[in-house]
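# Sharing a model prediction with you, sequence too.
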Amino acid sequence: MEYKAPIEAYTGVVREETIGKGEKVLKIGGENALPFHFFDEGSFPNAPSFALEVLDMEPEDWAEHLIEPFKDVISDPVKWAKRCEDFDVDAVCLHLVSTDPAVKDSPADEAAALTKRVAEAINVPLLVYGSGDDKKDAEVLPKVAEICDGMNLLIGPVLKENYEVVGKAILEHGHLAWAETPLDINLLKELNVKLCHFMPPERIVIDPESTAVGYGMEYSFSLMERVKQLGVIVKDSMTQMPMIANLGKECWKTKQAMENKEQGLLWEGVTALSLVLAGANILVLRHPETLKLVKETIGGEIWQK
Amino acid sequence: MIIIGENIHVIAKVVNDAVKARDSKTLQDLAIAQTKARADYIDLNVGFLRKDTEETMQWIVNTVQEVTDLPLSLDTMNPVAMEAGLKVCKKRPLLNSASGKTDSKEQMLPLAKKYNCDVVISVINDRGCPPDVELKVDSIMDTVAYANELGIPNEDIWVDPIILPVSTAGEGQGFAKASLEFTNILQDLLPGVKSTVGLSNISNGAPVELRPLLNRTYLVMLGRNGLYSAIADALDEEFMSLCKGKKQDIVDLIYRTMDGEEIDFSSLSQEEINYVKTTKVLTGEVLYSDAWLES
């Protein structure tokens, strides 16, 4: 008897969302099949996208081999962001680390003005990530949203603790919400439900929290996998948003990545590749060589199916 | 559905203080209120009773027996306290509880035989609490076989599948489903056994104001699958009327949802919609979040 491989057809669709405006747009999501299930029915209108991370200040704890590609521009976030464009990025992620009260506690106005300068200087869309301090972000991120009015940036982290004030500013000024919860499917859904009380679901990107290989990556993996299954198979509307994996910062603080460049590239590369297999739609990395490695590995044409 | 009223437990400060001060009125008021609310048993969750073990246990049992004719469920991990209590019960009590743990098998189960009482046996064993149906089955088969050998018949055994919070990150819904399935197959596995659950644990960790809704809905679901009794809040009126067959329309709605019927919300009241949404969360059909009623 001839063997015929079974073919699954899914009914749920991940929302297709657009980051950026005018010439600088990036589409993410839109698939109606499980990640890499090219053998099933369904399509993947957008291949996974990659952003490189830029800090708003000179990094204090980055290894030499991580700084190296940006050495001459590392103290100027605008030039650093421009440099990222040489490496075939789909977007740039500006991390406002200096606003952290435990770092420099730099003021919201300054951070917002810098964000606008970076967004205007580059030819790809901008993602903006605050300090992660929920109270400070509640000041900084609304200011960023206001100053960059209408630029359709992806802004976060929008957290359980500050989603109302940050989410409303994001919506009012025409941006997307980067909704982050700490590795918990139930909390992830709850935040989306709460945001959707005042925000269209098409303006939300899910960050389930990424962790590095050897440091709990399997938790992120199975969580992303589950979000995708619930969205595509069960059609749970609150998990049908595209997902972001903000993994560069996790990988490069590991002992292994700090030790030498090869280990660092592999650490970030294997983590990225794993999370892309789990269903991440956009990934934030730190090293341009990892970006090249991962992009080559997952291929290009196959996504146009 | 047999309801074992849970309102006398030492975790509650008023109860703890009352026991320490030998304040009989507080305990008696709680016993009377539960009797009036139509509980079938009164649970006495007295903790371990490290000090004055026997005297304290017997004072509690006698104090409660003065004001109610309901049988008692004696709830302690301490075999000495348990035996002291069993000695003075006027009605055939329920020993709550034994398990498959070695010390429980050796110390609690023989008491159930000695005093010829009903006994709760949970699926817990020396390896902990089995998370899925298969392991729950393995564990209970072993422990019940052990009890049978001691001369305790299936009819005196109340099996407890151990309910865990549905809000447990990522896994709670699987637990809720496992206990539903386990309850459903129990009679085939061990004909004649009864069953019981510590119901309120299903809603542990959920928003406080929504806990009764989870408790009530889950009880109806377990009841449909053959559950015999539950340790629960007898003072929740809505809950008791559901248990005693007063709200057949809500019960039917929960059953239809369990059967996968597409329920049209437009003809339902908010209360009915909430029951449907809660049922879907407890069957695992819809992903749980603390905001499950809001989407």
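Received it, and whenever you're ready, just let me know what you need.

# Enumerate the residues of chain B near chain A.
B:167, B:169-170, B:172, B:286-291, B:294-295 (CB under 8 Å from any CB of the partner chain). Heads up, the C-betas are built off the backbone N, CA and C, glycines and all.

# repeat that for 6 Å
B:169-170, B:287-291, B:294-295 (CB under 6 Å from any CB of the partner chain).

# Dump stretch A:135-142 to CSV, restricted to CA.
Taking Å, rounded to 0.1, in the frame of the first residue of the first chain, the C-alpha atoms of stretch A:135-142 are listed here in CSV:
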residue,chain,number,x,y,z
LYS,A,135,6.9,52.8,37.5
LYS,A,136,9.6,54.6,35.5
ASP,A,137,8.3,53.1,32.2
ALA,A,138,4.9,54.5,33.1
GLU,A,139,6.5,58.0,32.7
VAL,A,140,9.0,57.3,29.9
LEU,A,141,6.9,55.2,27.5
PRO,A,142,3.9,57.5,27.3
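
# Read off the pLDDT value for residue B:295.
At residue B:295, the model reports a pLDDT of 83.

# list the contacts for the nearest residue to residue A:10 once chain neighbours are set aside?
Nearest non-adjacent residue to residue A:10, counting by CB to CB, 6 or more residues apart in numbering or on different chains: residue A:232, 4.7 Å away. Counting by CB atoms under 6 Å, 6 or more residues apart in numbering or on different chains, residue A:232 makes contact with A:10, A:12, A:34.

# hang on, the second one packs against residue A:231?
Yes: A contact is recorded between residue A:12 and residue A:231 when judged using CB atoms under 6 Å, the distance being 5.2 Å.

# When those two are compared, which one has more neighbours?
residue A:231 (28 against 20; other CB atoms under 10 Å in any protein chain shown).

# The more buried one is in contact with residue A:238, isn't it?
No: using CB under 6 Å as the test, residue A:231 is too far from residue A:238 to be in contact (8.8 Å).

# Can you pull the residues of the stretch 151-300 of chain A lying near chain B?
So the stretch 151-300 of chain A meets chain B at A:184-186, A:189-190, A:193, A:230, A:236, A:238 (CB under 6 Å from any CB).

# out of the residues you listed, who has the most neighbours?
So for those (other CB under 10 Å), the most neighbours sit at residue A:189, 26 neighbours.

# How about the contacts made by that residue?
A:238, B:287, B:289.

# Switch these over to CSV; also include secondary structure.
Listed next are the contacts of residue A:189 as CSV, based on DSSP: H, G, I helix; E, B strand; the rest coil:
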residue, secondary structure
A:238, helix
B:287, coil
B:289, coil
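
# wait, which of these is closest to residue A:84?
residue A:238 (32.7 Å; CB to CB).

# my guess is that closest one meets residue A:192, correct?
Yes: judged on CB under 6 Å, residue A:238 makes contact with residue A:192 at a distance of 4.4 Å.

# Compute the number of surrounding residues for residue B:147.
For residue B:147, using other CB under 10 Å, the count is 25.

# Would you mind measuring from it to residue B:111?
12 Å (CB to CB, to the nearest Å).

# for residue A:268, same thing?
61 Å.

# who has more neighbours, these two?
residue A:268 (29 against 18).

# residues in contact with that one?
A:251, A:285, A:287, A:290.

# quick one: contacts for the third one?
Going back to what we said before, that points to residue A:287. Contacts of residue A:287 (CB under 6 Å, 6+ apart): residue A:268.

# The first one now?
With contact taken as CB under 6 Å, 6+ apart, residue A:251 is in contact with A:212, A:257, A:267-268, A:271.

# and those residues as a markdown table, adding pLDDT?
Formatted as a markdown table, these follow (pLDDT from 0 to 100):
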| residue | pLDDT |
| --- | --- |
| A:212 | 97 |
| A:257 | 97 |
| A:267 | 97 |
| A:268 | 98 |
| A:271 | 98 |
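
# and the residues you listed, which two are the farthest apart?
Largest pairwise distance in the contacts of residue A:251, by CB to CB, is 9.8 Å, between A:257 and A:271.

# Wait, a helix at residue B:249?
Yes: using three-state DSSP, the secondary structure at residue B:249 is a helix.

# What about it, how many residues nearby?
9.

# end-to-end on stretch B:46-55?
13 Å (CA to CA, to the nearest Å).

# And it, what's buried?
B:46-47, B:49, B:53 (16 or more other CB atoms under 10 Å in any protein chain shown).

# Can you tell me the SS state at residue A:60?
Quick answer, by three-state DSSP: residue A:60 is coil.

# can you pull the pLDDT of it?
The predicted local confidence for residue A:60 is 94.

# and the gap between it and residue A:268?
From residue A:60 to residue A:268 the distance is 19 Å (CB to CB).

# Just give me the residue closest to the centre of chain A.
residue A:244 (3.6 Å; CA atoms, centre = their mean).

# Can you name the residues that contact that residue?
A:205, A:207, A:282.

# hang on, the earlier thing: PyMOL command for the buried members of the residues of chain B next to chain A?
Selection of buried members from the residues of chain B next to chain A for PyMOL, criterion 16+ other CB under 10 Å:
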select buried, chain B and resi 170+287+288+289+290+291+295
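
# can you pull the pLDDT of residue B:169?
The model's pLDDT for residue B:169 equals 84.

# my guess is it meets residue A:184, correct?
Yes: counting by CB under 6 Å, residue B:169 does reach residue A:184; the two are 4.5 Å apart.

# Quick check: pLDDT value at the residue in the stretch 1-150 of chain B that chain A sits nearest to.
When scored by CB to the nearest CB, the stretch 1-150 of chain B has residue B:131 as its residue closest to chain A, at 16.0 Å. pLDDT for residue B:131: 88.

# for residue A:305, same thing?
The model's pLDDT for residue A:305 equals 51.

# Kindly report the same for residue A:275.
pLDDT, residue A:275: 98.

# Ok, residue B:272 next?
pLDDT, residue B:272: 96.

# before we move on, which element is it in?
Residue B:272 belongs to helix B:270-283 when assigned by DSSP states H and E.

# which strands and helices sit next to that helix?
helix B:211-224, helix B:248-258 (3 or more CB pairs under 6 Å, 6 or more residues apart in numbering or on different chains; DSSP states H and E).

# list the contacts for residue 122?
Chain wasn't specified; assuming chain A. Residue A:122 touches A:81, A:92, counting by CB under 6 Å, 6+ apart.

# try chain B instead
B:97, B:99, B:160, B:162 are the contacts of residue B:122 under CB under 6 Å, 6+ apart.

# Can you give me the distance of it to residue A:132?
Residue B:122 is 43 Å from residue A:132, by CB to CB.

# again with residue A:189
21 Å.

# Residue A:155: which element?
strand A:154-158.

# buried sites along that strand?
A:154-158.

# Now those in a markdown table, please, with extra columns for pLDDT.
As requested, the buried residues of strand A:154-158 are exported to a markdown table (pLDDT from 0 to 100):
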| residue | pLDDT |
| --- | --- |
| A:154 | 98 |
| A:155 | 98 |
| A:156 | 96 |
| A:157 | 98 |
| A:158 | 98 |
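
# Can you tell me which of these comes closest to residue B:5?
residue A:158 (44.8 Å).
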